[in-house]
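> Got a predicted structure here, sequence first:
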Amino acid sequence: MTTNQTPIYITTPLYYVNDELHIGHATTTIYADTLARFWRAAGRPVLFLTGSDEHGQNIFDIAKKNGTDPKSFADKIVGKFFELWDALDITYDVFIRTTDEFHEHSVQELFKRLKQREFVYKDTYRGLYCVKCETYKTDKDLVNGLCPQHQIPPVKVEEDNYFFKLSAFTEKLQQMIGDGTGRIQPPSRANEILGKLREGLNDVSISRTKFDWGVRMPGDESHVIWVWFDALINYISALGWPDSEGLPTRAIEGRARHDAPTPVGFAPFPHWWPHSIHLVGKEILWHHSVVWWSMLMGAGVEPPKGVFAHAWWTVEGQKMSKTIGNVIKPLEYAQKYSRDALRYYVLRAGPTKEDADWRQADFITKYNSDLANGLGNLVNRALNMLHKYFEGRVPAECSFDEASLEGSRQGLITLVNGLEKKLLDRVAAYDLSDALEAVWEIVRKANQFVDESKPFKLAKDPTRAKDLAASMYAVCEVCRVLGAAIDPFLPDTARRIREQLGLRDGSLLEGVGLTQMIARLEGQPQRSKQPAAQVLLRESLRWGLLKPNHQVGKPEPLFVRIESEPST
């Protein structure tokens, strides 16, 4: 892969602590984790953030209903967040909570700057407010008088509040979104935002006085800051904005599952922020583009480089709902089928750009056809045959005497050597399903190659010993490449493939001119859960790295086929 040392700062939304997380939250986080793993493996410095949004009227009301205080309620739910991300092996570098003291200071500082620049004024708000999504509504936002997302009527609110002059940024937002740089992806989402901007912007209330669970308004503590204004600022407060010399969460235990170092001599905010990418669900794109960018411009801060807004899941053709009882719980799927099986379905069939329907039958079909019968079968029979015919030692690479089989072998080599560009292009475009399709094209071709070359038949004919060696080297080399290629997508499976191939970290890179690079990577002050060899993914995705006489390990099934499940 082409070396790209440009940093990238990848964020999920801060998930609201009103309840445990479902497949929608897990989808955004799996997308972000896959991007983070991929770009790390491609050699880019990556900072990956997630966290929890803990203020607002909704949490205040829920905590009161549960007979506890908001912070205690939030602590309990945040514990569930940590449990899920640990179970799914999400490799975040920063976990921020909006109740963190450093974050509250950043929120107050940004408010002060907006006020100093005369983008904040005091007035009376009379209108509608959806407590569930903590968003102000107009009549045209409603469907049959209800919030379309939560299917509840908004409450009527009348308060003396502070307002942000959102209307002052209409033209600037139109220029930014329409300048051809693709700040909002996919393009259809950008067009939706531009359409709304043509209707004009209203100023937005950014404070509340009916409850006291939130960041206090500097200079007027009878107000707490609107929860969205508060939460959006996390993306820069986590970098120590405005002037911290280090990541604030580094001083808090348990806030990272991976450690991306900021280079010596650089403060986190100026280093990471110019390369920031927000991953969000489409329902909160308005807040993460129009509202957030305007807040930043008003405070004199450059908006993020981009935002990618994915679509929604339905479940068996219906909207996912606790009332219906069809909420998909990611932890249950990870425990029952494996976390890589969950990741595969989310990445392969998920709502990257259009809404997707979660169907159990389709989950099982993809599990069996792609994972068990496809990848799993390929690796298992390759290693079993290698043990049977070569005592588990890789033969030297050679060509087939038979022209048709040599053509098939050369086809595999071409696919492997072209994989790096396909992955780079497709991941850069957020086409994670298409990236996996490029990998599974090789899986299918390799299984077809085994069927065509028939090693089990070649082994019975001593005159075909060279062809047998050609077949076995090719299929084992494909397995090695797959063990590297799927690492950002299915990390557990990639590790197991490498273990079964008998590959220790960095073993394939010995003697290929990378000793100094590996030493430099391993000498960095990081606690990466990925081996150094996988940071150099670009060097792994080329043909011919398996060495003659290499001893492979014991083959074990990667995925056990699901024969049947009881009907529900």
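That came in fine, so what should we check first?

> Now Glu104. Nearest residue, chain neighbours left out?
Of all residues not flanking Glu104 in the chain, Val215 sits nearest, at 4.8 Å (CB to CB, 6 or more residues apart in numbering). Any C-beta I mention is one placed from the backbone N, CA and C, and that applies to glycine too.

> distance of that neighbour from Asp69?
Val215 sits 16 Å away from Asp69, taking CB to CB, to the nearest Å as the criterion.

> between these two, who's got more neighbours?
With neighbours defined as other CB atoms under 10 Å, Val215 and Asp69 compare such that Val215 has more, 25 against 13.

> pretty sure the more buried one is touching Glu54, no?
No - no contact is recorded between Val215 and Glu54 when judged using CB atoms under 8 Å, the distance being 10.6 Å.

> can you list residues touching both of the two?
Common neighbours of Val215 and Glu54, counting by CB atoms under 8 Å, 6 or more residues apart in numbering, are Thr98.

> As a check, name the ranges of all strands in the stretch 1-150 of the chain.
When secondary structure is read from DSSP state E, counting those that start in this stretch, the stretch 1-150 of the chain shows strands at 8-16, 46-53, 94-97, 120-130, 135-137.

> For Phe211, which non-adjacent residue is spatially closest?
Closest residue to Phe211 in three dimensions, ignoring its sequence neighbours and counting by CB to CB, 6+ apart: Phe60, at 4.6 Å.

> is it true that the one you found touches Val224?
No - here Phe60 lies out of contact with Val224, judged by CB under 8 Å, at a distance of 9.5 Å.

> Which neighbours do the two have in common?
Overlap between the neighbourhoods of Phe60 and Val224 consists of Phe211, Asp212, Trp213, taking contacts as CB under 8 Å, 6+ apart.

> Go ahead and confirm the first one touches Gln57.
Yes - using CB under 8 Å, Phe211 is in contact with Gln57, at 5.4 Å.

> residues in contact with Thr99?
Taking CB under 8 Å, 6+ apart, one finds Glu54, His55, Lys71, Ala74 in contact with Thr99.

> so what's the first one up against?
Glu54 makes contact with Val17, Pro70, Lys71, Ala74, Val78, Arg97, Thr98, Thr99, according to CB under 8 Å, 6+ apart.

> Are any of the shared contacts of Phe60 and Val224 buried, and if so which?
Among the shared contacts of Phe60 and Val224, those buried by neighbour count (16 or more other CB atoms under 10 Å) are Phe211, Trp213.

> From the shared contacts of Phe60 and Val224, which land in strands?
Using DSSP state E, no member of the shared contacts of Phe60 and Val224 sits in strands.

> Pipe the shared contacts of Phe60 and Val224 into CSV and attach pLDDT and distance to Arg444 per row.
CSV is the format used below for those (pLDDT from 0 to 100; distance: CB to CB, whole Å):
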residue, pLDDT, distance to Arg444
Phe211, 85, 57
Asp212, 91, 60
Trp213, 95, 54
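
> any chance of the shared contacts of Phe60 and Val224 in CSV, with distance to Thr314 too?
Rendered in CSV, the data for the shared contacts of Phe60 and Val224 read as follows (distance: CB to CB, whole Å):
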residue, distance to Thr314
Phe211, 34
Asp212, 38
Trp213, 33
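
> ranges for the helices of the stretch 1-150 of the chain?
Here the stretch 1-150 of the chain has its helices, by DSSP state H, counting those that start in this stretch, at 23-41, 57-65, 70-87, 101-116.

> Pull the residues that contact the last one.
When you say that, I think you mean helix 101-116. Counting by CB under 8 Å, 6+ apart, helix 101-116 makes contact with 96-98, 120, 164, 206, 215-218, 225, 229-230, 233-234, 236-238, 240-242, 244, 248, 295, 298-300, all of which sit outside it.
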